Structure formats: structure tokens, C-alpha cells
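> Predicted coordinates and the sequence they were generated for:
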Amino acid sequence: MPAQLNYPGVYIEELPSGVRTISGVATAIAAFAGSAPRGPINKAVRLFSFSDYERRFGGLALDSELGYAVRQYFQNGGTEAYAIRLVKDASTAERSLRNAAAADVLKLTALDAGASGNGIEIRVDHQSANPGSSFNLSLFRAEDGAAESYANVSMNSADARYVLDLVNASSQLVKLSRLVSKAALDALPAGTSRSLPLADVATLLDANHNEFRVSVNGLPPVKVLIALPGDIGGGTATQRLDSLCAAIQLQVRAQANSQQAYDLFTCARPPGTQQILMTSGQGGEFSQLRVLAGQKNNASGVLKLGAASGGLEVDAVATIRPAPVPDPATLSSAVFAANDLNTLPDATHSALRISLDGYGPDVVDIGSAAAAGADLAAKLDDVAARLQAAVRALKPGHPSYRDFTVKVSGTSLVLATGSRGAGSSIAVSAAPAKSIANELHLLAGATSTQPGNLYLAGGTETPYAEADLYPTFIADRAKRQGIYALEEVDLFTLLSLPGVTEPGVLADAAAYCEERRAFFVIDAPPSAQDPAQMVAAVNGTGLPKSDHAAVYYPWVYIADPLRNGKLRLTPPSGTVAGLFARTDAERGVWKAPAGTEATLSGVQKTAYTLTDGECGALNPLGVNCLRVLPVYGAVSWGARTLRGADQMSSEYKYVPVRRLALFLEESLYRGTQWVVFEPNDEPLWAQIRLNLGAFMNSLFRLGAFQGKSAKEAYLVKCDRETTTQDDINRGVVNILVAFAPLKPAEFVVIRIQQLAGQIQV
């Protein structure tokens, strides 16, 4: 009844019906283990198609049965699986990136141990939204075309685009770690914001452009309102800029509210410039300075302050961000003498031919005006700027040209293509007319560099050999290695170890399947070339005598995509597991996965062609035969467990009976969890009978049990007979569920008799 009746009226209360629907678990989730070209080691990876396997594990490999088994599983009707990659031992590829000061700042480690990590290429550039502080990180793996790009990332752990958070949360290739100590982070210089060179601020600022905001070290921004003309007093442009800087500093500090970053904030004009330089008053990892647009009369644009307006914002962590990699191809000129550019360029010396990344060569003309400047350094700067602008103008849409640079190093020019790594190149030759290539010392004596791409390195792996099967597959359970990687999987119902027939591995794998309520599909030993050898194998101790396992003989031939369709001899367990899945979906887990319906897709022929008599020798021993029948093709022609030998007289002789029991056990186990801690009395028992009975009846209606009526087909009992007072005192409730399984019709006997005619006796 309602908790409290405190006013006259109608009260509504919902009452529980006591119905808790039990859902049947999936019956065909296969698990595979073996070697693969790449992928995580000792980790069960969920797959919904063979394409998933190709993306994660590299697809088929001639020296591995795992890929072929998974492919056959999905081709024969499988819809969900797990795959585990195993090796004897492996090391992980990694690479440390350095900053401009050549100190290691960031380490990239391949997610998957082994040699495949060595193929991951790294690229870093600073062409980000905030080129003074952030950077772009790109990762590529050529063998499968995997590519990841992380733009505008930061080394500041408080930043929303902190590179470790972004990469480690989503990357399928690497994980990152920062190689900078706490002491080094605390010692980082204060963040700054610098404007571009400015014209006279008296011409830039007015009543519509006199406001902007400043945020220091991530703190709430403060408003700067420029009073005109008082804040830009002075007789010259430089004096007016100095006055503005002083006014900005005064306003920001006045709003410090005891925040050291604001209290020690500075704003000044760097000597010899017409720029504004703002500096945070507090250094360290989180030190940064952002200039934001004003809410009304924005002045940040005209003052060219802030990254959005073209200014340069350098955070403290800019000093520990990785330098761009790989390097571009460069061409360094020979050294210039003091008077080399006194009269050059001129009307007859102004052009050269240049080729970047194989494009061109194109003729570029830097103009006939002599180099401007009072000394060689200034003249070199002028020529460098003119050459850079002229080359960029050739192909502004192509990165090699668009990002081409010319810099002065001492008394040399250094030309660099806009691309990076092994594909980049640069070449200069004389122009057909007005050539200045030789006079710029870009021919004789010039030196070039051709960089390579940067990859992770150090990944190694040792594949397991025949002698390594047991310690590889039956590894440390506490560390979830080998088949015990399935400890992380909530449910699997089939297990296949393609091509593995080592007795110790099979015995332990069968025991694990019994523990996990799964079924083990075993390949016949490859040494069993004929039925007599298979009889010897099944009569020996090499195969586990478990009713949670079945063995299939012989191996089969499939078309190998890696060899242009040439037939490949392969173990049948993956194909049979797919057949199990298809039969479960079409007919139910209680139907034997055998017969003329049980065709084996992709199988071209079997390694041995069995006759009826040979099947008759193997079937009574619990060996399931694979045959090629006229019209039907390759089919499974047996459905016995490894306790299916006639002499064993096991009640779980048949595969469908055992798998139906496993299905019931797992479904009821999961569907009765709600019973725990409920009051142990007749109302609970009635609910149990109701819910379990409804589940069993639904299966009966589907044809899962034999019998003409529900009473003949199944039984659910939970009452005073199954649960005594002593059981109640000990907190135990006993439930009896019985079922009448369907047995496959292995032997069909047809009696034929001739009628004698109309004989009267």
C-alpha cells in the first residue's frame, strides 16, 4: 500500500507481477587462438566479420592457420567471435621525440608488441591553429593504410587538447608518455602573447576599437578598456605604443584579485620593435596568455594581438613540445663573401630553376633590384625573402611550394622544401636566361640533405614453434595469457585452436571449456593420414575424453587467396565452428550440426575420401567424419562428442545434447541472479517456477525437447521437497530442472518386403 495516506482521495500503486523474463544466451560465439601477422598479444579481440580480423590482425598469413580458420568461420555462418594472437615472446616498438633543445619530451610506444610496431611512421609539425604553442601529430602504418591525426594538441596537461589524453583515449596504434620531470615543468618560463609589428596606434584605435580581454594561465579573463586619447599619449609612434603598453599593464594588475599571474603581469614594447609583448606573471606548466576579442568594441584585431588575429602566443609548454619530424629536404649554399651581393641581383642575374619533390623544374625570378641592406646579413635576408616569396607563388596550392622556406644561416642560404621525410627533395639548376644560381652559390659548393621518415623501432617477436605450444597456449592464468585471455570475455561458447593437436594443450583447453560452459572443436592430428591412423589416435591418449569436445576428421582443402586460389590444406575446426553457428541460427542448438544440410562452404575437397565402411569404423569411436557427397558436396557426417564412443555409454554422447545442456545451464545461471538474497520461502519458489517454466515452455514450443506435451518434455521443481528447512537455514534454495533431449537419428532403417499376393489360407 502507499507509504502514507495523509489526505482523502484515490491512491495509485503499481504492483510487481513477479515475472522476470529469462533470455537465452547466444550459442555460437567462437573463440580462436593462434599466430597472426600483427595485433595485440594475449588479448581477446571481439570480431563481427573477417574484415574486423583483417583490420586488427593483418588478415591471412601463409604461416598461420588462425586467419584461415576465422575466415572459414564467418564464411560458414559465424557472426561473432574472439581472436587471440599468441607468440613465444615479443618486445614493443617505441620512439622518443625531442624538442628544439634536443631533450627527450614525448615517448610513443606501439600498442601491439612485436615487429609490426616498427612500421608505424611519426610526423610532427607546428602548422597548427596556434603555431607558437601547439602542434599536430600524425601516425601512419603503410602495410594496412591505418592513419591517425591529432591536430592542435598541447603538452599542457590542463589543456582540453592535451596530447596524452587525446591519443591514449582513442589511438589504435600507440600510447604516449611525457618524459618531463615535475621539477622541469615547474621551471618552465612564463607564457607570452606578442603582436605583429604595428603602425601608429593613434591611427588604429578609436571609439569602435578600444576593448579586448586578457586571460592568464587559464584564469577567468579580465577586460582591458583603452581610454582615448589618454592611454596613447606621446609625441611619436613609439612613445604612444609605450604609453599604451603601460596602460594595459596597469589595468590588468588592478584586477588581479590576489592572483599572482595577474599581479605580476607585464606588458611592454620589446626594444627596437613596434610590437606589444605581454607576459604572464607566473611560470610553470600551466603558464599561458590568451588575448580574446572584446565584447563590444573589439581592439584585438587592429592591434594584431592573439592567435586569431595573427599574433603569436607562446605557452610555457612550447619549450617542451616535440620539434617537427621528419626533417624537410634542404639545400645549403656555399658561404657568401662580404661583397658578393653588392650589385646583385641585376638585369642579367635574377632567375634560377628549382624543382621540389620531383615537380618542375620551374623558372623562378626574384627581380632585378639589387639586394637591399647596409651589410651582408641584411642583404642575405632580403634575397632570402624574395626567393621564398617567388617560389611559393609558383604553386600556392601545393604544400611543397606553399610551405617552402629560405633562411639565412651565418653567411649561407638554406632552402627547404615544404614537405618532409623520404618523399621530399630539392634541386636547383641554372636558368636558361638571366641565371643567378651560381652567383647565389647554389651550384658549386652547395650541400643537400635527404631525410628519411621517422618510425617506431625496437619491436621484435619470436613465433612459437612446436615445442613451445604448451607454454604459449596454456600460459599464466593470473596474467590472462594464452587461452586464459578469455578470462576478460563475458561469454564464449565455442573454442577452436586451429591446427593445434598437442595433447597437453588439448587436455587443458578442454578442461577450461568445461569450466566456462563452452564446447571445444578439435582438429584431427595431421599425422592421421588414413582411417587406421585416426582409429589409433582416438584409441590413444592424445585426445581428451571430454563430452565438452568433439574431433573432426580429416583436414580439408580450401582455395587460398594468397596463392591465386591454389588449394591449401587446412584444419577444419574453423569451418565446423561456422557450421555450428549456422545450424544454431537456422534450426536451433538442439539440431545436430551434421547431415546433408551441414554443407561446408569453401571446402573444395577433403584430405582423405572416406567410404561408408570407414565412417562406420570411426563413428562408433566418437570421431566425426567430413565427407564429400555427390550433389551435396562437402558435409559434416557426424555429431558425437569425445565421450561418444559406444562403449562409454555417456548420456552426453551427442554434440547437440551437450550443447543444449550448456545453453540451458548458462541461460538459467544468468537468468536467476535476481534470486540471490530474496526471502527464501514459498512466494520466491512460486516465482522461480513461473519464470523458469515459462522459459522452458518457450523452448518446448520451438521443438528443443522430445515429448508430445510439456509434461513429457521438461520439469521445473522448486518447493518444500527440493528445499528443506535445513536448506533454508543455510541460505540455500534448490531448483530442479530436467529436460528430455532430442537425439539425432544416426541410423535410419528402412524395411522393404514384397507382398505375396492374394493368397488364401
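Nice, thanks for sending it over.
> Who are the packing partners of the top helix by length along the chain?
Selection of the longest helix in the chain by residue count, based on DSSP state H, yields helix 682-702. Here helix 682-702 touches helix 655-671, helix 710-713, strand 714-717, strand 736-739, going by 3 or more CB pairs under 8 Å, 6 or more residues apart in numbering; DSSP states H and E. To be clear about C-beta, it is placed using only N, CA and C from the backbone, and glycine gets the same treatment.
> Export these as TSV, with columns for mean pLDDT.
Listed next are the helices and strands packed on helix 682-702 as TSV, based on pLDDT from 0 to 100:
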stretch	mean pLDDT
helix 655-671	96
helix 710-713	94
strand 714-717	94
strand 736-739	94
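> which of these is buried the deepest?
With neighbours taken as mean count of other CB atoms under 10 Å, these reach their highest mean count in helix 655-671, at a mean of 21.
> Would you mind pulling the contact partners of it?
Residues outside helix 655-671 that contact it (CB atoms under 8 Å, 6 or more residues apart in numbering) are 20, 22-25, 27, 491, 493, 517-519, 547-548, 550, 580, 589-593, 624, 639-641, 644, 651-652, 691-692, 695, 704, 737, 739, 741-744.
> out of these, which are inside helices?
580, 691-692, 695.
> Who wins on neighbours among the residues you listed?
Greatest neighbour count in these, by other CB atoms under 10 Å, goes to F580: 28 neighbours.
> ok, and the closest non-adjacent residue to that one?
P593 (5.0 Å; CB to CB, 6 or more residues apart in numbering).
> For that neighbour, give its distance to A524.
Remark: distance between P593 and A524 (CB to CB, to the nearest Å) = 17 Å.
> Next: A372.
For A372, the distance to A524 - CB to CB - is 86 Å.
> and S309, how many neighbours does it have?
Neighbourhood size, S309 [other CB under 10 Å]: 18.
> Which residue ranges of the stretch 551-700 of the chain form strands?
556-560, 566-570, 603-606, 623-629, 633-636 (DSSP state E, counting those that start in this stretch).
> most packed of those?
Mean neighbour count (mean count of other CB under 10 Å) peaks for strand 623-629 among the strands of the stretch 551-700 of the chain, with a mean of 22.
> Give me the mean pLDDT for that strand.
Across strand 623-629, the average pLDDT comes to 97.
> so what strands line up beside that strand?
Sheet pairing of strand 623-629 (DSSP bridges) gives strand 549-553 (parallel), strand 633-636 (antiparallel).
> picking up where we left off before, include pLDDT when you put the ones in helices among the contacts of helix 655-671 into TSV, please.
Below are the ones in helices among the contacts of helix 655-671 laid out as TSV (pLDDT from 0 to 100):
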residue	pLDDT
F580	98
N691	94
L692	95
F695	95
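> Could you identify the most distant pair in those?
Taking CB to CB as the measure, the ones in helices among the contacts of helix 655-671 span a maximum distance of 28.2 Å, between F580 and N691.
> For A372, grab the count of nearby residues.
A372 has 13 neighbours, counted by other CB under 10 Å.
> just checking, it touches L380?
No - counting by CB atoms under 8 Å, A372 does not reach L380; the two are 10.9 Å apart.
> quick one on the thing from earlier: make a markdown table out of the strands paired with strand 623-629 and add mean pLDDT.
Output for the strands paired with strand 623-629, formatted as a markdown table (pLDDT from 0 to 100):
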| stretch | mean pLDDT |
| --- | --- |
| strand 549-553 | 98 |
| strand 633-636 | 97 |
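> Quick one: closest of these to L176.
Closest of the strands paired with strand 623-629 to L176 is strand 549-553, at 44.1 Å (criterion: CB to CB).
> For that closest one, what is the distance to the chain centroid?
35 Å (CA atoms, centre = their mean, to the nearest Å).
> and what of stretch 111-121?
Centre-to-centre, stretch 111-121 and its host chain are 13 Å apart (CA atoms, centre = their mean).
> And G452, how far from P683?
Noted for G452: a distance of 76 Å to P683, by CB to CB.
> so M278 sits in a strand?
Yes - membership of M278 in a strand is supported by DSSP: H, G, I helix; E, B strand; the rest coil.
> Quick one: residues contacting it.
192-194, 214, 248, 265-267, 289, 291, 305.
> What about D726? Give its phi and psi, please.
phi -60, psi -40 (degrees, to the nearest 10).
> what's the neighbour count on it?
8.
> rewinding a little: tabulate the helices and strands packed on helix 682-702 in a markdown table, adding columns for distance to E678.
Conversion of the helices and strands packed on helix 682-702 to a markdown table gives the following (distance: least, CB to CB, whole Å):
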| stretch | distance to E678 |
| --- | --- |
| helix 655-671 | 14 |
| helix 710-713 | 26 |
| strand 714-717 | 17 |
| strand 736-739 | 18 |
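> Tell me which of those sits nearest to F50.
helix 655-671 (24.0 Å).
> hang on, the earlier thing: list just the one of the helices and strands packed on helix 682-702 that sits closest to R730.
Smallest distance to R730 across these (CB to CB): 17.7 Å, for strand 736-739.
> Could you measure from the residue nearest the centre of the chain over to S649?
Compute the mean C-alpha point of the chain, and by CA atoms, centre = their mean the closest residue is Q172, 2.5 Å away. Plainly put, Q172 is 52 Å away from S649 if you go by CB to CB.
> for L469, same thing?
33 Å.
> Between the two, tell me which one has more neighbours.
Using other CB under 10 Å as the criterion, L469 and S649 rank with L469 on top: 20 against 8.
> Next, that one: phi, psi?
In terms of degrees, to the nearest 10, the main-chain angles of L469 are phi -60, psi -50.
> contacting residues for it?
Counting by CB under 8 Å, 6+ apart, L469 makes contact with 500, 502, 504-505.
> Run a quick neighbour tally on V214.
Using other CB under 10 Å, V214 is surrounded by 26 other residues.
> quick thing: my sequence starts at 795, can you match it?
That works, and once the first residue is 795, the last one we named lands at V1008.
> ok, it touching L1019?
No - using CB under 8 Å, V1008 makes no contact with L1019, being 11.6 Å away.
> Which residue is the nearest non-sequential neighbour of E1260?
Using CB to CB, 6+ apart and skipping the chain neighbours, the partner closest in space to E1260 is E1296 (7.6 Å).
> swap that for I1114, sorry
Nearest one to I1114, counting by CB to CB, 6+ apart, is V899 at 4.7 Å.
> wait, that neighbour sits on N893?
Yes - using CB under 8 Å, V899 makes contact with N893 at a distance of 4.8 Å.
> Mind listing the shared neighbours of those two?
Shared contacts of V899 and N893, defined by CB under 8 Å, 6+ apart, are found at 1114-1116.
> From these, pick the one nearest P831.
Nearest to P831 among those: P1116, at 29.6 Å, using CB to CB.
> Can you tell me, leaving aside adjacent residues, what's nearest to that closest one?
Closest residue to P1116 apart from its sequence neighbours, by CB to CB, 6+ apart: L891 at 3.7 Å.
> And for T1241?
Excluding its sequence neighbours, the residue lying closest to T1241 (CB to CB, 6+ apart) is S1126, at 5.0 Å.
> cool, D1197 as well?
Take D1197 and drop its neighbours on the chain: the residue closest to it by CB to CB, 6+ apart is G1212, 2.9 Å away.
> May I have the residues that are in contact with that neighbour?
When contacts are counted by CB under 8 Å, 6+ apart, G1212 touches 1122, 1150, 1192-1199.
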